[in-house]
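Colleague: I would like to see how this sequence folds:
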Amino acid sequence: MKKLIVTTALLGLMAGAASAQDVVRMGTEGAYPPYNFINDDGEIDGFERALGDELCARAELTCEWVLNDWDSIIPNLTSGNYDTIIAGMSITDERDEVIDFTQAYIPPTPSIFVALDEDVDLSGGVIAAQTNTIQAGYIAAETEAVLVEFATPDETVAAVRNGEADAVLADADFLLDAVSSDPDLMVVGDPVALGGGIGMGLREGNDLIATFDAAITSMKEDGTLNALIVEWFGDDAVTW
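Modeller: As a prediction, this is how the structure comes out:
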């Protein structure tokens, strides 16, 4: 209880510090279910939409959502097109050299391979991954496989379905959703541990980092963050 009281007080202080900024623009991809996607009404939806709205409410911030393609999501943050990235972005040392991160709001989760054949050659075959992801970096640097990169996650799965790639490597949360909707797809090989969890990215030195950190901490402490993870990722999801 003492921790929660301290966190609540800090949230109030951080909200006051951030009040000089009228609107906080939340940048996301809108193409990575269940993290973020566009629903049938044409609106941004998913786990991160629900999370971001709750964080803004707790921090007493007025927030608006901005869509941006994944391959330019960091450059457009640093150039000021929006104030945060909340788009299933794993915390890595390489990214941390360019932008700052909040604490993780999703714990480190495994990446998995998905293919049409359980005997696919993962060590020397053709593996699809989304451009500028930790999975693409892993295939290029740590394996002998041929990497083929695509702009969107859906394209990586399509490459497996149409024979352009032998398998795809991506976050388990995303690929398990694809497998559940396509009986021809299957998980193959062993999971790969990558990244330090998923957090919000902000420009270096932005005071909003402390504001969102306090809000994330309050959600962890009162159990609402775990409840939201289970709601969107299922009972077997990794939680805090």
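
Colleague: now Ser123: how far from Gln130?
Modeller: Relative to Gln130, Ser123 is positioned 21 Å away (Cβ to Cβ, to the nearest Å). (Each C-beta comes from the backbone N, C-alpha and C, glycine too.)

Colleague: which of the two has more neighbours?
Modeller: More crowded of Ser123 and Gln130, by other Cβ atoms under 10 Å: Gln130, with 26 against 9.

Colleague: show me the strands in this structure, by range?
Modeller: Here the chain has its strands, by DSSP state E, at 24-28, 31-32, 36-38, 44-45, 63-67, 84-85, 100-106, 110-115, 126-130, 146-150, 167-171, 186-193, 198-202.

Colleague: next, the buried residues of the first one.
Modeller: So that's strand 24-28. 24, 26-28 (16 or more other Cβ atoms under 10 Å).

Colleague: ok, Ile127 - how many residues close by?
Modeller: For Ile127, using other Cβ under 10 Å, the count is 30.

Colleague: thinking it is in contact with Val146, fair?
Modeller: Yes - with contacts counted by Cβ atoms under 8 Å, Ile127 reaches Val146, the gap being 7.0 Å.

Colleague: how is the protein carved up into domains?
Modeller: 2-108+196-233, 110-193 (automatic domain parsing).

Colleague: could you dump those to JSON lines with mean pLDDT and distance to Trp240?
Modeller: Shown next, in JSON lines, are the domains of the chain (pLDDT from 0 to 100; distance: least, Cβ to Cβ, whole Å):
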{"stretch": "domain 2-108+196-233", "mean pLDDT": "90", "distance to Trp240": "5"}
{"stretch": "domain 110-193", "mean pLDDT": "97", "distance to Trp240": "15"}
